[in-house]
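# Following is a predicted model, sequence given first.
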Amino acid sequence: MPTWSGILNELKKKKDKGSKTPYDSIRRRYLYKLNEFTERDTIIYATKWTQASINISPQLISITEDDIQGLMEVIHGLDGKELDLIIHSPGGSAEVTESFVKYLRTKYDYIRAIIPQGAMSAATMLACAADKIVMGKHSYLGPIDSQIILSTPLGVSSIPAQAILDQFDKASAECKEDSKNMGVWMPILGQYGPALLIQCQNALDLSKDLVATFLNDYMFKDSENKDEISKDIAEKLADHSTYKSHGRHIDRDQAEALGLIIEHLEDDQTFQDLVLSLFHATTHTFDGTTAIKIIENHKGKAYIKQVTPIIIQQQEKEEKKKK
């Protein structure tokens, strides 16, 4: 099966023959081939988040409420009870992810999450709602520690909820030890709005509770000590003190060490080739079109979010400078 450059050459040949939109046809061909090989319903959920881009709001490539509409669109007409869900996402709303999972599970008895490259944050939570996760040597998940959006004197920032709680504990301890420290801490603590600490704790608890429930109900449903296993994995995934950064990559070996049930992408060469060819075709779609999010099934039914790029003509800029 073609590599990234092989798919690029395939697209070029199609264009040379006069095809105006080869991206969709080639991507859908590999999606269909993957379904033909696995004999499972197959859906890809991918966003343009690992490719350099400008003027794209993070919200547009995150898991958001309108994804449910996209999911409904692509599930309509599918009649299988098993699903291969290919995920490539930076994450997004934990609440929407919960709805995402509930909806999928009304339809499918068995779900295999396939990670061709990365699934971070809430996308990791989504993967944890599968019966099994497929990862390659290069694939990664991410921590599920909640992030809080705060408006600070330096601008809007995404801050780990645990870091806010830890900072408050540190301030309390230092001020209790010496009241003179209040002068140092007051400008910092002044950024905390009403109920922020409670919101942080609730956000952390929600992430852990959701992942523990997903693992308990699906991946470890047949294990005798499923409750203990599920809670332990959820706690570890949410531990900010371990990962230090919300963007930290958790590779396949680390995911297995956590206790997650992981299938190796390389175990079946044909399967690996089909998954990666589909993924390469999808990333080429993001590079060559205005698409930034694709939810699509093996029958070619798709929900594609696009943005109109802002193009500045360099020639016009230079002419204005001369004037």
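Thanks, I have the structure now. This one's a predicted model, so the numbers in the text were calculated from it and none came from an experiment. Numbering: from 1, shown residues only.
# Quickly list the domain ranges of this structure.
4-142+249-314, 148-196 (automatic domain parsing).
# Pipe those into a markdown table and attach distance to residue 205, mean pLDDT and mean neighbour count per row.
C-betas here are computed from N, CA, C, even on glycine. Listed next are the domains of the chain as a markdown table, based on distance: least, C-beta to C-beta, whole Å; pLDDT from 0 to 100; neighbours: other C-beta atoms under 10 Å:
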| stretch | distance to residue 205 | mean pLDDT | mean neighbour count |
| --- | --- | --- | --- |
| domain 4-142+249-314 | 11 | 91 | 18 |
| domain 148-196 | 10 | 73 | 13 |
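# For residue 212, find the nearest of the ones you listed.
The minimum distance between residue 212 and those falls on domain 4-142+249-314, with 9.0 Å, by C-beta to C-beta.
# tell me the strands in the stretch 201-323 of the chain, going along the chain?
With DSSP state E, counting those that start in this stretch, the ranges of strands along the stretch 201-323 of the chain come out as 250-251, 262-264, 291-297, 302-306.
# on that earlier part again, for residue 220, find the nearest of the domains of the chain.
Comparing those by C-beta to C-beta, domain 4-142+249-314 comes nearest, at 7.8 Å.
# quick revisit: mind putting the strands of the stretch 201-323 of the chain in JSON lines, distance to residue 4 included?
Shown next, in JSON lines, are those (distance: least, C-beta to C-beta, whole Å):
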{"stretch": "strand 250-251", "distance to residue 4": "20"}
{"stretch": "strand 262-264", "distance to residue 4": "21"}
{"stretch": "strand 291-297", "distance to residue 4": "17"}
{"stretch": "strand 302-306", "distance to residue 4": "21"}
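# Save the domains of the chain as a markdown table, and put in distance to residue 239 too.
Shown next, in a markdown table, are these (distance: least, C-beta to C-beta, whole Å):
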| stretch | distance to residue 239 |
| --- | --- |
| domain 4-142+249-314 | 11 |
| domain 148-196 | 8 |
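# Compare these and give me the one nearest residue 221.
Nearest of these (C-beta to C-beta): domain 4-142+249-314, 8.1 Å.
# Look at residue 148 and give its secondary structure.
Here residue 148 is recorded as strand under DSSP: H, G, I helix; E, B strand; the rest coil.
# ok, it - contacts?
The neighbours of residue 148, taking C-beta atoms under 8 Å, 6 or more residues apart in numbering as the test, are 158, 159, 160, 161, 164, 196, 199, 200, 203.
# For those, give me a markdown table that also has secondary structure.
Below are the contacts of residue 148 laid out as a markdown table (three-state DSSP):
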| residue | secondary structure |
| --- | --- |
| 158 | strand |
| 159 | strand |
| 160 | strand |
| 161 | helix |
| 164 | helix |
| 196 | helix |
| 199 | helix |
| 200 | helix |
| 203 | helix |
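# Just the buried residues of stretch 199-217, please?
200, 203-204, 206-208, 210-216 (16 or more other C-beta atoms under 10 Å).
# Return the subset of these lying in helices.
200, 203, 204, 206, 207, 208, 210, 211, 212, 213, 214 (DSSP state H).
# wait, which of these is closest to residue 68?
Of all these, residue 68 sits closest to residue 210, with 16.1 Å by C-beta to C-beta.
# What score does the closest one have for pLDDT?
Per-residue pLDDT puts residue 210 at 97.
# tell me the contacts of the residue nearest to residue 93 when sequence neighbours are not counted?
Spatial nearest neighbour of residue 93, chain neighbours left out: residue 63 (5.5 Å); criterion: C-beta to C-beta, 6 or more residues apart in numbering. By C-beta under 8 Å, 6+ apart, the residues touching residue 63 are 89, 91, 92, 93, 96, 97, 100, 122, 123, 126.
# And residue 105, by the same measure?
So residue 105 contacts 111, 129, 218 (C-beta under 8 Å, 6+ apart).
# Residue 35 sits in which helix or strand?
helix 22-38 (DSSP states H and E).
# What angle do strand 291-297 and that helix make with each other?
Put simply, helix 22-38 runs at 30 degrees to strand 291-297, going by axes from the mean of the first three to the mean of the last three C-alpha atoms, to 10 degrees.
# Give me the residues contacting the following helix or strand past helix 22-38.
Going down the chain from helix 22-38, the next helix or strand is strand 41-47, by DSSP H and E. Residues from elsewhere that reach strand 41-47, judged by C-beta under 8 Å, 6+ apart: 31, 34-35, 61-62, 67, 71, 74-75, 78-80, 82-90, 108, 278-279, 282, 286, 292-298.
# how big is the angle separating strand 41-47 from strand 302-306?
10 degrees.
# hey, C-alpha coordinates of stretch 267-281 in CSV?
Taking C-alpha atoms only, stretch 267-281 is exported to CSV below (Å, rounded to 0.1, in the frame of the first residue of the first chain):
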residue,chain,number,x,y,z
ASP,A,267,0.7,-7.3,13.8
ASP,A,268,-1.1,-7.4,10.5
GLN,A,269,0.7,-5.8,7.6
THR,A,270,-2.3,-5.5,5.3
PHE,A,271,-4.4,-3.9,8.0
GLN,A,272,-1.5,-1.5,8.9
ASP,A,273,-1.1,-0.5,5.2
LEU,A,274,-4.8,0.2,4.8
VAL,A,275,-5.1,2.2,8.0
LEU,A,276,-2.0,4.3,7.2
SER,A,277,-3.0,4.8,3.5
LEU,A,278,-6.4,6.1,4.7
PHE,A,279,-4.7,8.4,7.2
HIS,A,280,-2.2,9.7,4.6
ALA,A,281,-5.1,10.4,2.2
